[in-house]
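[1] Compute the structure for the input listed below.
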Amino acid sequence: MKLHTFLAAAAVFSATALSAQSVQKLDEEKYSVTNGDVTLVVDAAHGAKILSFKLGEQEVIAQKPEPPAPADGAPAPRMRFVNPNSYGSTFWTSPQAEWNWPPVPEYDSKPYEAEATADAIVLTGQVSKYGYRVRKAISADSADGAFIITYSIINESGEVRKVAPWAITRVPNGGYLEFDAKAEDVTPLDLMKVSFGEGPAKLEIDVANQNRKINVDGKGWLKFHDNGLVLTQKFPDITPEAAAPGEAEIQVYIDARKSFVEIEAQGPYTELQPGEKLDWTVRWYLAAEE
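    As a prediction, this is how the structure comes out:
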């Protein structure tokens, strides 16, 4: 099987990089990966979503919304106007035009098979009707303070296909984002409050009565600042021409319900022969604001 590897997947299992990492099975569905004071929790039974990313007890990822407690003697309130996809971090194939909406269950919500060792966990999904299987390998690099997430897309369709990797992380509606881009790299420019200066571009997360999304030609990283925490994601830089049709290296989506924000990264649009797979690695960091 030929591999398209944009960051070496073998590094996921490097003994020197993973020596201080700890993987634990929390219950029949969930696993944790620890690196120093930071802990990641993944749910194998529900799309292998990353449910939590904490520094100590402080959470940075948007959590699954829960209905408010009913008043005494009253029926349970309905979860009206709440997006069921408003939490956690997931992975899809790109371009979205291939599958439109809702997310493909085999990537986003169906169970993944989990194989865990003391220092890594590999989660393998089911084959979708589009002929792809998704795999996620999660480990930690203690020397760098990073969590290494290698996403794989395997072409099991029996025909030549083109696809790009796409990671989506939901965060609370607040704080601000940073990325390396100029005004001409952001489209459409007038949908969100993005400012440009000598340093990185800054996007202030605000609210409006509409769903909004922008495309950004970045430089292989983004940062989310909120409540004293900084979440950094690093990924291979791509040119606009290398992105899937209608897509971009970085995307930001703000939900009209004012409940969450999606920070998104995509890799190169890649041709896969039958049986081939691509590997694409994102490095996550979480630290206190300096």
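
[2] how about Ala97, secondary structure?
    Three-state assignment for Ala97 (DSSP: H, G, I helix; E, B strand; the rest coil): helix.

[3] which residues touch it?
    The contact partners of Ala97, by C-beta atoms under 8 Å, 6 or more residues apart in numbering, come to 245-246. In short, each C-beta sits where N, CA and C put it, glycine included.

[4] From Gly145, how far off is it?
    37 Å (C-beta to C-beta, to the nearest Å).

[5] Which helix or strand contains Asp27?
    Under the criterion of DSSP states H and E, Asp27 resides outside all helices and strands.

[6] so how many other residues sit close to Val282?
    23 (other C-beta atoms under 10 Å).

[7] hang on, it in a strand?
    Yes. Using three-state DSSP, the assignment for Val282 is a strand.

[8] Surely it and Leu222 touch.
    No. Using C-beta atoms under 8 Å, Val282 is not in contact with Leu222; the gap is 10.3 Å.

[9] residues shared between the contacts of these two?
    Residues touching both Val282 and Leu222 by C-beta under 8 Å, 6+ apart: 233, 265.

[10] average pLDDT across stretch 25-41?
    For stretch 25-41, the mean per-residue pLDDT is 97.

[11] Leaving out chain neighbours, which residue sits closest to Val216?
    Of all residues not flanking Val216 in the chain, Ile250 sits nearest, at 3.9 Å (C-beta to C-beta, 6 or more residues apart in numbering).

[12] ok, which stretches of the chain are helices?
    Taking DSSP state H as the criterion, the chain carries its helices at 105-108.

[13] mind showing which ranges of it have poor pLDDT?
    1-21, 67-71, 73-82, 258 (pLDDT under 70).

[14] let's see it at 80
    Residue ranges of the chain with pLDDT under 80: 1-21, 66-84, 257-259.

[15] Tell me the bridge partners for Ser32.
    Note on Ser32: beta-bridge partners by DSSP bridges are Gln24, Val41.

[16] That one: neighbour count?
    17.

[17] again, but for Glu247
    Glu247: 18 surrounding residues under other C-beta under 10 Å.

[18] picking that back up, for the residue nearest to Val216, give its distance to Arg283.
    According to C-beta to C-beta, Ile250 stands 15 Å off from Arg283.

[19] The two: which has the busier surroundings?
    Each of Ile250 and Arg283 has its neighbours counted (other C-beta under 10 Å); Ile250 has more, 26 against 19.

[20] The more buried one reaches Val282, doesn't it?
    No. Contact criterion C-beta under 8 Å: Ile250 and Val282 do not qualify, at 11.9 Å.

[21] and for the two, which residues touch both?
    Joint contacts of Ile250 and Val282 (C-beta under 8 Å, 6+ apart) are Ala265.

[22] now Asn215, nearest residue through space, not along the chain?
    Nearest to Asn215 is Ala248, by C-beta to C-beta, 6+ apart, at 3.5 Å.

[23] residues in contact with that neighbour?
    By C-beta under 8 Å, 6+ apart, Ala248 lies in contact with 215-217, 240, 266.

[24] ok, so of the residues you listed, who is nearest Tyr107?
    Gln266 (14.1 Å; C-beta to C-beta).

[25] ok, the closest residue to that closest one other than its chain neighbours - how many residues close by?
    Spatially, and ignoring its direct neighbours in sequence, Gln266 is nearest to Trp166 (4.8 Å; C-beta to C-beta, 6+ apart). Residues near Trp166, counting by other C-beta under 10 Å, number 23.

[26] Run through the bridge partners of Trp166.
    Note on Trp166: beta-bridge partners by DSSP bridges are Trp92, Gln266.

[27] Wait, it touches Phe91, no?
    Yes. If you go by C-beta under 8 Å, Trp166 and Phe91 touch, sitting 6.7 Å apart.

[28] Next one: His46 from Phe235, what distance?
    Taking C-beta to C-beta, one finds His46 at 24 Å from Phe235.

[29] Neighbour count for these two, which is higher?
    The residue with more neighbours, out of His46 and Phe235, is Phe235; 24 against 18, by other C-beta under 10 Å.

[30] I'm done for today, thanks for sticking with me.
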